[in-house]
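K.L.:
Structure of the sequence below:
(2 chains)
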2 protein chains.
Amino acid sequence: MLAEKMRPFLGGSSAIRRMFNEGERQRREFGAENVFDFSIGNPNVPAPPEVADAVRYELDNEDPVFLHGYMPNVGYADVREAIADSLSKKFGASYTKEDIVMTVGAGTALVLTFYTLLDEDDEIIVFAPYFLAYGNYAANFGGKLRVVPANTETFQPDLAKMESLIGPRTKAVVINSPNNPSGVIYSAETLKALADILERKQQELGISIALISDEPYRELVYDDDIEVPFVPDYYRNTIVEYSYSKTLSLPGERLGYIAFTHDMDEKSDLVAAAAAGIVNLGFTNAPSLFQRAVMRCLDARVDIGIYKKNRDTLMDGLAAIGYDFAKPQGAFYLFIKTPLADDNAFCDLAAEHHILMAPGSAFGCPGYARISYCVAYDTIVRSMPAFREVWEASAAQQ
Amino acid sequence: MLAEKMRPFLGGSSAIRRMFNEGERQRREFGAENVFDFSIGNPNVPAPPEVADAVRYELDNEDPVFLHGYMPNVGYADVREAIADSLSKKFGASYTKEDIVMTVGAGTALVLTFYTLLDEDDEIIVFAPYFLAYGNYAANFGGKLRVVPANTETFQPDLAKMESLIGPRTKAVVINSPNNPSGVIYSAETLKALADILERKQQELGISIALISDEPYRELVYDDDIEVPFVPDYYRNTIVEYSYSKTLSLPGERLGYIAFTHDMDEKSDLVAAAAAGIVNLGFTNAPSLFQRAVMRCLDARVDIGIYKKNRDTLMDGLAAIGYDFAKPQGAFYLFIKTPLADDNAFCDLAAEHHILMAPGSAFGCPGYARISYCVAYDTIVRSMPAFREVWEASAAQQ
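P.N.:
Have a look, this model is predicted:
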């Protein structure tokens, strides 16, 4: 019965999930307190109390037929309006509810956008390091990724290389800032230069190119002097993919949205296509109670001080040992250069010392490893001797 | 930017949603009390109180990091185990948690199953009247529907015709009982005969054929002497697609599951492929809080007495006027033969009298119309004079 196309996927999960599973195994064998699991981006900071309050409010005050019922496939009108207003106010933009499509997390936001844009053999440009699932998302619709290799100096995108990859089949460029896995934020200068190239290429080729801004980490930024530039300010044909998974620590609830820039090319067709895709791909709509609950706490945030403290302690500890990395300005990841050239070998070695990390290869960036610091502070402190052992064991292997 | 493949979808929503939108328009123009909207299957019976109690219990007693966090992509192990145990106990089956995949409603259950089964040009057999979205679900993966025309005598499937359509590219047969839109339940005899044909064809062709049982209405049955046969009892290669949308009146929350029969062919490969598909299609996991809340009230049910009273009043009223239909035994739909041969013309005529129905063409069954009786009882009573007017206006047109 099984489709032949599924055979490559039977081997099981990604390198990231494999490390997570290894962590599960080690916890059973060695006890949770002896395993330092930095493998996946599952927030450890609880949802702000406003979320549970809003859920209780809805249960107490709303008609359950409405609260748990079907709504327009793109989401409740008042929820979309509240999000449009909130974005417009915050960023001086001009979103209306017609520009917002509620989704089942950022995952379906991306899949739906790719569905809407891609015909067979169309291309999407991504910058390493990047989330490998983008490739599977595009492959669903016969699309292909063109990967710009990582600029490991700064982890800002290599724009010259991007420009060389743009051609008549280019439908979109995807950026992800604050970045998973590097934690780097794309600067205003970067975005300006990127937009200039895209504008020029649109002219040259006589096509429209979408800039897909995948930004679930938008609010997870740790330094007062850092601002995350609002991408649509730089480029009109921007499609923002957002998720409440990290900002409100609700990754399991699957709530996000697509924000189409109000005056972008083909806007109403894109929204109509997304609305059709929600049905054709079987999502039907974003979960209803959480749409309404999140509308009641759009300005709530998890306590990012916890992540900042984790980051700072981790950076200080790793730098003191000798590890090399670009300072992460946002998200909750730190991306180290692996002291062994083979990042998979390094992650296996680290696992022997009960440190679980995701190899950079899992992000199209070999020679690096991702440390997810959305863990208990104590885990970071207690992991430092093990990080030193791994450093020394690596040195001994060279 | 828009993909060419999306152009056919820009016209907007299905005939069903179009009627629903016409209802919205009429409510604004004529007042809600003057519109009899039977267009869509949005349950009007509230979720049983156990659901809100379970949600509150989870909020009060569970760590929010766990409650709203990532879990295995196929769903929480204890939730899957509780569902497997409940099914096994209720139906004398032998499900384990490894057979259950939690999904974002029955929609993604079906899409995920089609994804798992279909290579380009593979075929799925369906019986009219059927949910037209099946065709779009299959088309996502290059699959094609082969449609068995409706048997409008009894609305039991035409098995001889089904047999003639089975070939080497047949991957699955989909059944939906209690049926949307006919309300008919497939009898034990039907299922026995259907299974015999599939077994024989599997042998003959040397292939495995899945029987996909789409059964969101499983518990919505109104007569004491009617039992819904449990499909896996009749055919081993059965994949059940379930949803809590109707049983618990939670259509907006998007919670369902796939149950792979424990000893079906290729079972573990199918589950592994479904697990990969959850990621590749961007769902990531079924909504977490509702997974845990529903686990706490697996035996809860909406008050189906409300639907039964609606059905009986509707049947009596329509029969007295002269409308022809097969008695609906389950679900919350009644499928009438349209007194005008053109069901779209008939539904337009009915809309002029403020009755909104879905044309049978929207289910591959022209000459019929679907009345969704998941509405206020009062709506049914007050609609009867309008149904008589439509009957008479139809007669005048012939």
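K.L.:
my guess is A:I16 meets A:S361, correct?
P.N.:
No. A:I16 lies out of contact with A:S361 (CB atoms under 8 Å); the separation is 10.5 Å. Using the backbone N, CA and C atoms, a C-beta is placed for each residue, glycine as well.
K.L.:
More neighbours: which of the two?
P.N.:
Neighbours were tallied for A:I16 and for A:S361 using other CB atoms under 10 Å in any protein chain shown; the higher tally belongs to A:I16 (23 against 18).
K.L.:
mind listing what the more buried one touches?
P.N.:
A:S39, A:I40, A:A358, A:A362 (CB atoms under 8 Å, 6 or more residues apart in numbering or on different chains).
K.L.:
Same list, those, but as TSV with secondary structure please.
P.N.:
Below are those laid out as TSV (DSSP: H, G, I helix; E, B strand; the rest coil):
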residue	secondary structure
A:S39	coil
A:I40	coil
A:A358	strand
A:A362	helix
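K.L.:
State the mean pLDDT of stretch A:6-15.
P.N.:
For stretch A:6-15, mean pLDDT is 80.
K.L.:
tell me which residues in that stretch are buried?
P.N.:
Of all the residues in stretch A:6-15, those buried under the rule 16 or more other CB atoms under 10 Å in any protein chain shown are A:M6, A:F9, A:S13, A:S14, A:A15.
K.L.:
so can I have CSV of those residues showing secondary structure and distance to A:R200?
P.N.:
Shown next, in CSV, are the buried residues of stretch A:6-15 (DSSP: H, G, I helix; E, B strand; the rest coil; distance: CB to CB, whole Å):
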residue, secondary structure, distance to A:R200
A:M6, helix, 41
A:F9, helix, 39
A:S13, coil, 41
A:S14, coil, 36
A:A15, helix, 37
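K.L.:
Let me have these in a markdown table, adding distance to B:A150 as columns.
P.N.:
Listed next are those as a markdown table, based on distance: CB to CB, whole Å:
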| residue | distance to B:A150 |
| --- | --- |
| A:M6 | 33 |
| A:F9 | 37 |
| A:S13 | 43 |
| A:S14 | 45 |
| A:A15 | 50 |
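K.L.:
tell me which of these is nearest to B:V294?
P.N.:
Of all the buried residues of stretch A:6-15, B:V294 sits closest to A:S13, with 25.3 Å by CB to CB.
K.L.:
Top of the contacts of A:I16 by number of neighbours, please.
P.N.:
Neighbour-wise, the contacts of A:I16 (other CB under 10 Å) top out at A:A358, 29 neighbours.
K.L.:
contacting residues around that residue?
P.N.:
Neighbour list for A:A358: A:A15, A:I16, A:M19, A:S39, A:I40, A:P181, A:C347, A:A369, A:R370, A:S372 [criterion: CB under 8 Å, 6+ apart].
K.L.:
quick one: the last one and B:Y257, what's the gap?
P.N.:
When CB to CB, to the nearest Å is the yardstick, A:S372 and B:Y257 sit 29 Å from each other.
K.L.:
Do you have the strands of chain A handy? List them.
P.N.:
A:36-37, A:100-103, A:123-127, A:144-148, A:170-175, A:210-214, A:238-243, A:256-260, A:324-325, A:333-337, A:355-356, A:358-359, A:368-372 (DSSP state E).
K.L.:
Mind checking those strands for the one nearest to A:K161?
P.N.:
Closest to A:K161 of the strands of chain A, according to CB to CB: strand A:144-148, at 4.8 Å.
K.L.:
what is the orientation angle of the closest one with strand A:170-175?
P.N.:
50 degrees (axes from the mean of the first three to the mean of the last three CA atoms, to 10 degrees).
K.L.:
picking that back up, show me the two of the contacts of A:I16 that sit farthest apart.
P.N.:
Counting by CB to CB, the most remote pair of the contacts of A:I16 is A:I40 and A:A362, 10.9 Å apart.
K.L.:
which bits of the stretch 251-398 of chain A sit near chain B?
P.N.:
With CB under 8 Å from any CB of the partner chain as the criterion, the stretch 251-398 of chain A meets chain B at residues A:251-254, A:265-266, A:269-270, A:272-273, A:275-277, A:279-290.
K.L.:
in the stretch 251-398 of chain A, which ranges drop under the pLDDT threshold?
P.N.:
Applying pLDDT under 70 to the stretch 251-398 of chain A flags no residue at all.
K.L.:
picking that back up, so which of the residues of the stretch 251-398 of chain A next to chain B sit within helices?
P.N.:
A:D269, A:L270, A:A272, A:A273, A:A275, A:A276, A:G277, A:V279, A:N280, A:S288, A:L289, A:F290 (DSSP state H).
K.L.:
Among these, pick out the one closest to A:L132, please.
P.N.:
Nearest to A:L132 out of those is A:G277 (CB to CB; 22.2 Å).
K.L.:
Roughly how far does the closest one sit from A:G142?
P.N.:
15 Å.
K.L.:
With A:F230 instead?
P.N.:
32 Å.
K.L.:
Ok, A:I306 next?
P.N.:
In terms of CB to CB, A:I306 sits 43 Å off from A:G142.
K.L.:
So for the two, which sits in the more crowded spot?
P.N.:
Neighbour totals were compared for A:I306 and A:G142, and A:I306 leads with 18 against 14 (other CB under 10 Å).
K.L.:
Now tabulate the contacts of A:I16 in TSV and tack on distance to B:M315.
P.N.:
As requested, the contacts of A:I16 are exported to TSV (distance: CB to CB, whole Å):
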residue	distance to B:M315
A:S39	58
A:I40	54
A:A358	60
A:A362	59
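K.L.:
Just the buried ones from the residues of the stretch 251-398 of chain A next to chain B?
P.N.:
A:251-254, A:265-266, A:269-270, A:272-273, A:275-277, A:279-290.
K.L.:
quick one: buried residues of the lengthiest helix in chain A?
P.N.:
As assigned by DSSP H, the longest helix anywhere in chain A is helix A:377-397. Buried residues in helix A:377-397, counted by 16+ other CB under 10 Å: A:T379, A:I380, A:S383, A:M384, A:A386, A:F387, A:R388, A:E389, A:V390, A:W391, A:A393, A:S394.
K.L.:
Can you give me the distance of the third one to chain B?
P.N.:
In this structure, A:S383 and chain B are 19 Å apart, going by CB to the nearest CB, to the nearest Å.
K.L.:
and what of the fifth one?
P.N.:
Between A:A386 and chain B the distance, using CB to the nearest CB, works out to 24 Å.
K.L.:
if I pick that residue, what's in contact with it?
P.N.:
A:F36, A:A350, A:H353, A:H354, A:I355.
K.L.:
Which of those residues sits closest to A:E81?
P.N.:
Checking those one by one against A:E81 (CB to CB), the nearest turns out to be A:F36, at 44.9 Å.
K.L.:
ok, that closest one touching A:P385?
P.N.:
No. Using CB under 8 Å, A:F36 makes no contact with A:P385, being 10.1 Å away.
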